[in-house]
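Peer 1: kindly return the folded structure for what I paste below:
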Amino acid sequence: MTALNLNELYIPRGGGEETASGMTIIARSRALGGDVSIMQGFLEPGALLPPHTHENEDQAVFLIEGELEFEIGGRDGLRFTARAGDYVLKSRGISHGFWNATDIKVRYIELSGRDGFERFIDARQGGIHRMVQTAESELDMEMHTARIPELMLRHRLTRLAGVNMGGA
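Peer 2: Numbering: from 1, shown residues only. Sure, this is the predicted structure:
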């Protein structure tokens, strides 16, 4: 029988591993059989998490506080508002991004299959260029950066998630 360790099984409020991206890793996939990681994120008012596509990970978001606007499936895909208590499923191979068009900081839980999203978050330590490079060259992710200006202007956003662009 494997020895049980309370520190690996119970993460009290405010616990977890802080990252350079602003995400808190609650449980790395290695603690859950390599199947799923659990993270907590915050999205400031006026922030965009740019559209991107994961080829290897399915994801789910659970909103704890606030509301987010989602785009799933690219420019011609679905757009909708998710509110506290809602779940949003983001299947691998389908473009997705979201933003906070409100004046309230949003808190959410991100569940991600395997460890690819963890490694993407970890790569942020080396700066945004390293994060994008890691995503595209090592993790089979495509960053849809050409969409950023359009989404920023259309929804009056002032920053990218984790990168201050002025404004608020």
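Peer 1: how about the CA coordinates for the host helix or strand of Met152, as PDB?
Peer 2: For Met152, the host element (DSSP states H and E) is helix 148-154. The C-alpha coordinates for helix 148-154 follow below in PDB (Å, rounded to 0.1, in the frame of the first residue of the first chain):
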ATOM      1  CA  ILE A 148      -5.600  39.500 -30.800                       C
ATOM      2  CA  PRO A 149      -5.900  43.100 -32.300                       C
ATOM      3  CA  GLU A 150      -9.400  42.400 -33.600                       C
ATOM      4  CA  LEU A 151     -10.600  41.000 -30.200                       C
ATOM      5  CA  MET A 152      -8.900  43.700 -28.200                       C
ATOM      6  CA  LEU A 153     -10.500  46.500 -30.200                       C
ATOM      7  CA  ARG A 154     -14.000  44.900 -30.600                       C
END
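Peer 1: switch to numbering from 46
Peer 2: Will do, 46 is the new start, and the previous item becomes helix 193-199.
Peer 1: same for it, what does it pack against?
Peer 2: Judged by 3 or more Cβ pairs under 8 Å, 6 or more residues apart in numbering; DSSP states H and E, helix 193-199 is in contact with strand 92-99. Every residue, glycine included, has its C-beta placed from N, CA and C.
Peer 1: check contacts around the nearest residue to Asn145 once chain neighbours are set aside.
Peer 2: In space, Asn145 comes closest to Leu88 once its chain neighbours are excluded; the distance is 4.4 Å by Cβ to Cβ, 6 or more residues apart in numbering. Going by Cβ atoms under 8 Å, 6 or more residues apart in numbering, Leu88 touches 94, 111, 113, 143-145, 150-151, 153, 206.
Peer 1: could you dump those to a markdown table with neighbour count and secondary structure?
Peer 2: Output for the contacts of Leu88, formatted as a markdown table (neighbours: other Cβ atoms under 10 Å; DSSP: H, G, I helix; E, B strand; the rest coil):
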| residue | neighbour count | secondary structure |
| --- | --- | --- |
| Leu94 | 17 | strand |
| Gly111 | 19 | coil |
| Leu113 | 23 | strand |
| Phe143 | 26 | strand |
| Trp144 | 26 | strand |
| Asn145 | 24 | coil |
| Lys150 | 13 | coil |
| Val151 | 23 | strand |
| Tyr153 | 21 | strand |
| Ala206 | 19 | coil |
